[in-house]
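Student: Pasting a predicted model and its sequence here:
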2 protein chains.
Amino acid sequence: DIVRTVENYFTPVQQDFKNVKILITAGGTREPIDPVRYIGNRSSGKMGYAIAEAAAKRGAAVTLISGVTTLTASAGIKVIKVETAKEMQQHVEANFASNDVIVMAAAVADYAVAEVSEQKIKKASEKLSLELVKNPDILLGLGQKKQQNQLLIGFAAETQNLLKYAQDKLQRKNLDMIIANDVSKVNAGFNVDTNIVKIIGKNNLVEDIPLIKKTALASIILDKINKLKTH
Amino acid sequence: DIVRTVENYFTPVQQDFKNVKILITAGGTREPIDPVRYIGNRSSGKMGYAIAEAAAKRGAAVTLISGVTTLTASAGIKVIKVETAKEMQQHVEANFASNDVIVMAAAVADYAVAEVSEQKIKKASEKLSLELVKNPDILLGLGQKKQQNQLLIGFAAETQNLLKYAQDKLQRKNLDMIIANDVSKVNAGFNVDTNIVKIIGKNNLVEDIPLIKKTALASIILDKINKLKTH
């Protein structure tokens, strides 16, 4: 509503991320099969973009490495567009060392097509076997390289055993925090404006966040990062 | 420019598609792999939507069966949203008999995943083999059912042997016209506002259309359909 908009306009946002460099990934990657087909995923990029926008408003210098999405970022946010997991990895690694906080919200493809066809595959046989090979685990690599002054935040999008998978991922990938969401729930996860998540810290304390707008969740995540920073 | 816009506004569009029922498909289909991943294609839906908009302006009753796209159609166009090739087939076949002109501009997946996983596939093995099975050939089925008073128009998006494939498709699928484009060319095919095509008629006469806006190409295609109608 307009009153709220005007209020927000005149209420200065707390600049608690001033002098903080934050690297955020968002959206899904695409792994080409041939010139016209690809393996994609349903990530809309909304969660990562919401964090990028909120961080920029709070004074952070934001670099956003964006997979496929229809969203656009505000002026002042440095956006690097990528398509494949390999391109994502290249740009994340090039920007990792120079950032204080790294939030990996993108849905990166776990597998790529082993041999991408240069020409459109013709419809011939009744069956077709598509050979896939594992993509590099970007987050795992960052966790191994992480310095003491850096915070690494991950996401876990699952359809079962959410908490178990997320806690395991936090430990194994040396994360400081993980946001876990069950993408099989209505109003949570991909391509909607809301989410239902669990936020898990290094101490394995789990906080349940019921149905919330992704923009509001972005603020909560930044508040938590801020606490970790000042500890 | 504004002069042109005002001129167009006051120049009544010829209602040469009045009393014509036209069924148009547009966009790409998605074939799910698991709850978060799918096989997609790079179709933007721009060509099919441009034909739908132009036909509606010229007086046609338009049914648009739309795969995945970020586009929206004008009021007055009946839009049916689908995701998979099977859903596309179901709605195309339900609407086929009641339409005079059928323009199949959608990029329908040739293959679907044999066994869609109900849960998100976990990244485990280094390699993964994805088994695909051929989807029904919607256009072929329509060509076999086509009545004398119906016109069936297809598209061929290729990266090689364009003319040969398109001419073969026209014959084999009993089309009245096919629009062939080489999607490996810059400024042609997927996700751009322009196209470079060959329009091929039943007589196998080939007309080359150099770089053109998809909106202008839509008008040319409708002009040609109009000629076929009145013959």
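Tutor: Cool, got the structure.
Student: how about the helix ranked longest in chain A as PDB, C-alpha atoms only?
Tutor: Counting residues, the longest helix found in chain A (DSSP state H) is helix A:214-229. C-alpha atoms of helix A:214-229 as PDB (Å, rounded to 0.1, in the frame of the first residue of the first chain):
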ATOM      1  CA  LYS A 214      10.700 -14.600   0.400                       C
ATOM      2  CA  THR A 215      11.400 -10.900   0.800                       C
ATOM      3  CA  ALA A 216      10.800 -11.100   4.600                       C
ATOM      4  CA  LEU A 217      12.800 -14.300   4.800                       C
ATOM      5  CA  ALA A 218      15.700 -12.500   3.100                       C
ATOM      6  CA  SER A 219      15.700 -10.000   6.000                       C
ATOM      7  CA  ILE A 220      15.700 -12.800   8.600                       C
ATOM      8  CA  ILE A 221      18.600 -14.500   6.800                       C
ATOM      9  CA  LEU A 222      20.600 -11.300   6.700                       C
ATOM     10  CA  ASP A 223      19.900 -10.600  10.400                       C
ATOM     11  CA  LYS A 224      21.300 -14.100  11.200                       C
ATOM     12  CA  ILE A 225      24.300 -13.500   9.000                       C
ATOM     13  CA  ASN A 226      24.900 -10.200  10.800                       C
ATOM     14  CA  LYS A 227      24.900 -12.000  14.200                       C
ATOM     15  CA  LEU A 228      27.400 -14.500  12.900                       C
ATOM     16  CA  LYS A 229      29.600 -11.700  11.500                       C
END
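Student: other SSEs contacting it?
Tutor: helix A:46-57, strand A:101-104, strand A:151-158, strand A:177-182, strand A:194-201, strand A:206-213 (3 or more CB pairs under 8 Å, 6 or more residues apart in numbering or on different chains; DSSP states H and E). Heads up, the C-betas are built off the backbone N, CA and C, glycines and all.
Student: Which of these sits closest to chain B?
Tutor: Chain B lies closest to strand A:151-158 among the helices and strands packed on helix A:214-229, at 6.1 Å (CB to the nearest CB).
Student: hang on, the earlier thing: between the longest helix of chain A and strand A:177-182, how many degrees?
Tutor: 150 degrees (axes from the mean of the first three to the mean of the last three CA atoms, to 10 degrees).
Student: If we go by neighbour counts, what in helix A:214-229 is buried?
Tutor: A:214, A:215, A:217, A:218, A:219, A:220, A:221, A:222, A:224, A:225, A:226 (16 or more other CB atoms under 10 Å in any protein chain shown).
Student: do stretch A:189-203 as well
Tutor: A:189, A:190, A:194, A:195, A:196, A:197, A:198, A:199, A:200, A:201.
Student: Does it reach chain B?
Tutor: Yes. For stretch A:189-203, a contact with chain B is found by CB under 8 Å from any CB of the partner chain, at residue A:190.
Student: related to what we said a few turns ago, farthest-separated two in the buried residues of stretch A:189-203?
Tutor: A:190 and A:201 (24.6 Å; CB to CB).
Student: Can you tell me the SS state at residue A:141?
Tutor: Taken by DSSP: H, G, I helix; E, B strand; the rest coil, the conformation at residue A:141 corresponds to helix.
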